[in-house]
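>>> Compute the structure for the input listed below.
(chains A and B)
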Number of protein chains: 2
Amino acid sequence: MKETAPHILCAGPWTLLLPEFTAAKHLCGHKGQLKISWLLFVFFSSDIEISRAQSPKAVDVLAKEIGLLTDEVEIYGQTKAKVRLSLLERLKDQPDGKYVLVAGITPTPLGEGKSTVTIGLVQALTAHLNINSFACLRQPSQGPTFGVKGGAAGGGYAQVIPMEEFNLHLTGDIHAITAANNLLAAAIDARILHENTQSDKALYNRLVPVVNGVRGFSAIQLARLRRLGISKTDPGTLTEEEINKFARLDIDPSTITWQRVVDTNDRFLRKITVGQANTEKGFVRQAQFDIAVASEIMAILALTTSLQDMKERLGKMVVANDKKGEPITAEDLGVTGALAVLMKDAIKPTLMQTLEGTPVFVHAGPFANIAHGNSSVLADKIALKLVGEKGFVVTEAGFGADIGMEKFFNIKCRASGLVPSVVVLVATVRALKMHGGGPNVTAGAPLKKEYTEENLQLVADGCCNLQKQIQITQLFGVPVVVALNVFKTDSPAEIDLVCKIAKQSGAFDAVPCNHWSAGGRGAVKLAQAVERAANQKNNFKYLYSLELPIVEKIRIIAQKVYGAQDIELSPTAQSQVDRYTRQGFGNLPICMAKTHLSLSHQPERKGVPTGFILPISDVRASIGAGFIYPLVGTMSTMPGLPTRPCFYDIDLDPITEQVKGLF
Amino acid sequence: MKETAPHILCAGPWTLLLPEFTAAKHLCGHKGQLKISWLLFVFFSSDIEISRAQSPKAVDVLAKEIGLLTDEVEIYGQTKAKVRLSLLERLKDQPDGKYVLVAGITPTPLGEGKSTVTIGLVQALTAHLNINSFACLRQPSQGPTFGVKGGAAGGGYAQVIPMEEFNLHLTGDIHAITAANNLLAAAIDARILHENTQSDKALYNRLVPVVNGVRGFSAIQLARLRRLGISKTDPGTLTEEEINKFARLDIDPSTITWQRVVDTNDRFLRKITVGQANTEKGFVRQAQFDIAVASEIMAILALTTSLQDMKERLGKMVVANDKKGEPITAEDLGVTGALAVLMKDAIKPTLMQTLEGTPVFVHAGPFANIAHGNSSVLADKIALKLVGEKGFVVTEAGFGADIGMEKFFNIKCRASGLVPSVVVLVATVRALKMHGGGPNVTAGAPLKKEYTEENLQLVADGCCNLQKQIQITQLFGVPVVVALNVFKTDSPAEIDLVCKIAKQSGAFDAVPCNHWSAGGRGAVKLAQAVERAANQKNNFKYLYSLELPIVEKIRIIAQKVYGAQDIELSPTAQSQVDRYTRQGFGNLPICMAKTHLSLSHQPERKGVPTGFILPISDVRASIGAGFIYPLVGTMSTMPGLPTRPCFYDIDLDPITEQVKGLF
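Numbering: from 1, shown residues only, chains lettered A, B, ... in the order given. Below is the predicted model:
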């Protein structure tokens, strides 16, 4: 059948319905475009109050405004929709927009506002400069939402709304990942038990039963036979040896790297013993739960480019070795199809909107320290088509540029083939003062006076971290604009100083931003700087060649990005490197698991640490996602609940159905 | 403000858009109403193929047809929607429809088709007799979907469609329950750790911190102070003793009854040890995961009547005792609001449709053996308003009438105040033959010839179980119609025999049904019998008074329903009964955890066992859900994966996005 020509959207400037600030009408009598002011901010003091004071437009209206066809959108309630991947085929001849990455300096534990800058920037571009733009954010984990951190929808007047929808179940992607991850985990242990308690024959008879008088292999079993070099298709004709090869995966329990996950900060699951019920016949083993967003399936969701590609990646995930040291995959366990079925809706990005009515994709997950921490390739690709050639897609990489951005370039851009136009590097006076030698900054504790009063010396001293992160960005050949996320306690002299040093350090521009208090209007100068930078010459390059040995790639990241003197592998790490190299996984990019609180592996070392030897304690492999995963020092993959978790302030009004206390 | 009169829907007969069987058009040229035949069945041999051959109408169209207003519906994709509870207020003056419960005889492990009867019955009522009707089903657990059982959407030509949506994440209710359940579990262990490692003062300072220079109790903390009899509101004025009382819950870890859950058949989590990481400082303890649908939060979802009621029930859940033997609740842990927030969307029933385009609510969960296993009170209540006075709501109780139906009457009807009009008791020739002494019936194994050839003696002998289940129904004073779910191997003589014995045993009527092969058309006679029975005099009564002691209530169920000679409590069970009675929980109804495979506690005892002493091994309490939960013998609350789980046959076509192999 001849293909019909695809319907191409000619992406001119969108005519977005920009909402008024609902409560502002009464207070200020403003009409039309969003007007906000400090006056209003006095009335709406918390993020959720600001979010609630603005009525989002219906998501089907938004979808239509940005050129989505009805059958490309799956509505989830009034304010969320999933977007179907078929759009990529329809718009395949449409040129991509400009691709902007928001990264940051080494943050304090309070965060420096990358999400608010991302939102502020798209609000400025689209609601104030009439340029199409899309923000691509990561779905927050519910663990920290109820733990220490709170929500992640941005804040103040630069938010995704409704923020409670963004911060809670959203459209169920993380739940789907959890379900798929844990089905695979259950399949591993159950299979070991069944192999250990049955003869080859019994095992084979159960794996290939007679159904309605007929005995046959399933499609997934035929694929396993082919991998084993057995070309037979009649179950009755296998030799005893072939039956043994087919029916026994012979998993070595001590090599299992696949862990269970839960999207809850449950510290008591960091190390557990499973299989202690009598029914498991003594096959106990030590295991752990990770936070759900650390699952390899989350990384696959972020990096995949199609349903076919996702299914292949899911099948390739290595979960353990057999007793001969060969890798065991999800495909060997027969569960690839089920995992793909569980993930079939999660692969579609979720459409939401900013406080100023501009479009946002929320897709894939956070945690650039223990995961790769970037939003999804698919969301970025779809958004780049929708904004059109003159539009902008602003995507975010977690934590400091040394981890989130490094992974964005070396892992995500490799998977997508996309070339970024500009990096926006977010800094705050608060974090710079910390790097300059200011006292500790701790979540939940009041800030010391160094952070609330002018202190130019601390700022000047701390700019070394900003300078280093600018240099890291320049390693990749992409222009960098520094966005100084202004707090009300920052003095004009402090602000000027940061911008001056940033430009001296090689930034294309450095701009103070007031999006938190003023919405998109407060980020117009940033948007203009980004637009100019996007027209600069771009010499984008990866940091290392995939062909290099694993250890070499780790060393390049450690030395060139983190500033380490060298790396040191533990014996475990070295033997894992040897194993993965032998198994043919040596040519993958590297996803470092490193603290986000320092350029080094030691969270307390601020500024620009030097002379350190980076300890690689272990090396794992995410073969489906497509990266090698070295652990730097001790990295927890499961956060905990503090004495007074966020949930103490969270409540639901049963009459209005409104959520209170999320921030 | 004066309330305006509610807009009342005058529920006349709905004009439903009854879909043609998509693929049938070509084959048979039928128009209008669904026409199906054995011919078609040859073409579509599996449930998912039949499901897929029928295009569901858009759910917003369905919602409009049944009288829902636009703002009462939250669309989730093309085929699912959540319905807002505000409808109950709008229609509060509308008379309820007739309320029909579908229960069953003691089943084989293959199930006897209660879901297909439920669907077939509403298809007959609405698509063939033009009477408004609603089916209220339970959401299946994903565990068994990928384990042994497969899906639960009905089957053949009596299905909920699309069946893959029904069987997978649906609208995320079970995921929400899992998240809420596990947040509470994490909070319990974390709190014990924090109390064990901090002084009263440190604990108090962390629980009531200074924020922006101000120190205050949160709303949930003020409520705790009031429960402790402390009327102070200024954190600075508490005495040391009051600080100790406030800050220390003093949970006795050996009394924790709150378990973590996962919606996966993960047998290795049946008994585990948690807290083995160094960060948990040696506070290890033995724990377990249950399947998610066994969570008390699922029972609350099923039994709650409003958001306010749900929040109160969540707060009242008892999770452990303190060292003085007093109950510790979710409210004591400060997590009630967060749990309610996580459950705020799950409380809304999900609207779907049958293969013949009639409406279905899917809400709350399965497992009438280890849970109460009924669909939700809210779904039933909303449906009863929507169908109008002459309409029918058909709801389903899990497994045999001895467990699902007994709990429906004694627990669910007590919570809802609703009075059922008719019980439909589902039987199959296959199950009756098993009760008559036929060979074992095992999932996955081929059926013996006794089940595929006529055997009137086995049927006659096995009707004792049917007779007993009819008698159980009559204990509650509600007319019973027996629905014989006909298989193609049943002979006319077998069918006649069952119907004759059923009527002799006191059934109002007994009708063979062919909905599986013929859709609603095959259940028209059942529908007519149900309609007649609904006009019978109804003497509905509960089986026991709540005022009776716990042990007495258990004994009444054991003797009158199961036919036990007596009960025998283990010392653990007795001490739990004493504790719950002392704690003031003695006046709750009883939710027995008992095998569904026999009227007794021994699955192998078929027919009508007599002379047995029912062993009560343990007694738990679900105070939020509102019942006492005795465990009969050994009941597993976590299914396992067999050697060859269902997932071997499940696959996703990456091009068409179609799911294969779900059944």
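>>> May I have the phi/psi pair for the nearest residue to residue A:115 once chain neighbours are set aside?
Counting by CB to CB, 6 or more residues apart in numbering or on different chains, residue A:154 is the residue found nearest to residue A:115 once chain neighbours are left out, at 4.5 Å. For the C-beta atoms, the positions are set from N, CA and C on the backbone; glycine is no exception. In terms of degrees, to the nearest 10, the main-chain angles of residue A:154 are phi 90, psi -160.
>>> pLDDT below threshold where in chain A?
Scanning chain A for pLDDT under 70 picks out A:1-11, A:20-45, A:149-151.
>>> what about the longest helix in it?
In chain A, taking DSSP state H as the definition, the longest helix is helix A:173-196.
>>> what residues does the next helix or strand after that helix touch?
Moving toward the C-terminus from helix A:173-196, the next helix or strand (DSSP states H and E) is helix A:200-207. Contact with helix A:200-207 is made by A:194-195, A:198, A:221, A:235, A:238, A:240, A:243-244, A:246-248, B:642-644, B:648, as judged by CB atoms under 8 Å, 6 or more residues apart in numbering or on different chains.
>>> Please determine whether the longest helix of chain A lies in contact with chain B.
Yes. Interface with chain B: helix A:173-196 contributes A:175-176, A:178-179, A:182-183, A:185-187, A:189-190, A:193-194 (CB under 8 Å from any CB of the partner chain).
>>> now those residues as a markdown table including neighbour count?
A markdown table is the format used below for these (neighbours: other CB atoms under 10 Å in any protein chain shown):
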| residue | neighbour count |
| --- | --- |
| A:175 | 24 |
| A:176 | 25 |
| A:178 | 29 |
| A:179 | 31 |
| A:182 | 28 |
| A:183 | 28 |
| A:185 | 25 |
| A:186 | 26 |
| A:187 | 25 |
| A:189 | 26 |
| A:190 | 22 |
| A:193 | 21 |
| A:194 | 19 |
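>>> quick one: the closest residue to residue A:626 other than its chain neighbours from chain B, how far?
Excluding its sequence neighbours, the residue lying closest to residue A:626 (CB to CB, 6+ apart) is residue A:588, at 5.7 Å. Residue A:588 sits 23 Å away from chain B, taking CB to the nearest CB, to the nearest Å as the criterion.
>>> isn't residue A:588 right next to residue A:627, touching?
Yes. Between residue A:588 and residue A:627 there is a contact under CB atoms under 8 Å: 5.3 Å.
>>> between those two, who's got more neighbours?
More crowded of residue A:588 and residue A:627, by other CB atoms under 10 Å in any protein chain shown: residue A:627, with 25 against 21.
>>> Please report phi then psi for the more buried one.
Torsion angles at residue A:627 (phi, psi; degrees, to the nearest 10) stand at phi -150, psi 160.
>>> Quick check, it in contact with residue A:414.
No. Contact between residue A:627 and residue A:414 fails when scored by CB under 8 Å: they sit 9.4 Å apart.
>>> Identify the contacts common to those two.
Common neighbours of residue A:627 and residue A:414 (CB under 8 Å, 6+ apart) are residue A:589.
>>> Check the offset of stretch A:431-447 from the chain's centre.
From the chain centre to the centre of stretch A:431-447 is a distance of 26 Å (CA atoms, centre = their mean, to the nearest Å).
>>> Mind checking if that stretch is in reach of chain B?
Yes. Part of stretch A:431-447 sits near chain B under the criterion CB under 8 Å from any CB, namely A:444-446.
>>> about what we covered before: list the contacts for the residue nearest to residue A:115?
A:47, A:115-116, A:118-120, A:160, A:163, A:354.
>>> any idea how far it is from residue A:530?
17 Å (CB to CB, to the nearest Å).
>>> Now do the strands in the stretch 201-350 of chain A.
A:210-211, A:214-215, A:260-262, A:272-274, A:285-287, A:289-291, A:318-321, A:327-329, A:350-354 (DSSP state E, counting those that start in this stretch).
>>> got those as TSV, with distance to residue A:388 columns?
Output for the strands of the stretch 201-350 of chain A, formatted as TSV (distance: least, CB to CB, whole Å):
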stretch	distance to residue A:388
strand A:210-211	53
strand A:214-215	55
strand A:260-262	38
strand A:272-274	51
strand A:285-287	49
strand A:289-291	37
strand A:318-321	41
strand A:327-329	41
strand A:350-354	17
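>>> of all the ones you listed, which lies closest to residue A:410?
When those are compared by CB to CB, strand A:318-321 sits nearest residue A:410, at 20.8 Å.
>>> Show me what the closest one pairs with in its sheet, parallel or antiparallel.
strand A:327-329 (antiparallel) (DSSP bridges).
>>> count of neighbours near residue A:524?
Per other CB under 10 Å, the neighbour tally for residue A:524 reads 22.
>>> how about the nearest residue to residue A:509 once chain neighbours are set aside, what does it touch?
Excluding the flanking residues, the one nearest residue A:509 by CB to CB, 6+ apart is residue A:529, at 4.0 Å. Applying CB under 8 Å, 6+ apart to residue A:529 gives the contacts A:481, A:508-509, A:511.
>>> Am I right that residue A:529 is in a strand?
No. Residue A:529: not assigned to a strand; according to DSSP: H, G, I helix; E, B strand; the rest coil it is helix.
>>> Show me which positions of stretch A:209-220 end up buried.
Within stretch A:209-220, the residues that qualify as buried are A:209, A:217-218, A:220, counting by 16 or more other CB atoms under 10 Å in any protein chain shown.
>>> any chance you could map the strands in the stretch 551-663 of chain A?
Secondary structure of the stretch 551-663 of chain A (DSSP E, counting those that start in this stretch): strands located at A:566-569, A:613-622, A:627-632, A:651-652, A:659-660.
>>> so what does the first one touch, helix or strand wise?
Packing partners of strand A:566-569 (3 or more CB pairs under 8 Å, 6 or more residues apart in numbering or on different chains; DSSP states H and E): helix A:550-556, strand A:613-622.
>>> Give me the contacts around it.
For strand A:566-569, the external contacting residues (CB under 8 Å, 6+ apart) are A:551, A:554-555, A:558-559, A:577, A:613-616, A:619.
>>> Can you list the strands that that strand pairs with?
The strands beside strand A:566-569 in its sheet (DSSP bridges) come out as strand A:613-622 (parallel).
>>> Tell me which stretches of the stretch 351-500 of chain A form strands.
A:359-362, A:392-400, A:422-427, A:480-485.
>>> Just tell me which of the ones you listed ends up closest to residue B:14.
Closest approach to residue B:14 among the strands of the stretch 351-500 of chain A (CB to CB): strand A:359-362, 37.6 Å.
>>> got a list of contacts for that closest one?
Applying CB under 8 Å, 6+ apart, the external contacts of strand A:359-362 come out as A:62, A:65-66, A:83, A:119, A:122, A:134-139, A:160, A:166, A:170, A:349-354, A:375-376, A:379-380, A:382-383, A:386.
>>> Relative to that strand, what are the paired strands and their orientations?
Strand A:359-362 sits in its sheet next to strand A:133-137 (parallel), strand A:350-354 (antiparallel), going by DSSP bridges.
>>> just to revisit the earlier point, reformat the strands of the stretch 351-500 of chain A into CSV and put mean neighbour count and distance to residue B:258 next to each item.
Formatted as CSV, the strands of the stretch 351-500 of chain A follow (neighbours: other CB atoms under 10 Å in any protein chain shown; distance: least, CB to CB, whole Å):
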stretch, mean neighbour count, distance to residue B:258
strand A:359-362, 26, 32
strand A:392-400, 28, 33
strand A:422-427, 28, 41
strand A:480-485, 29, 42
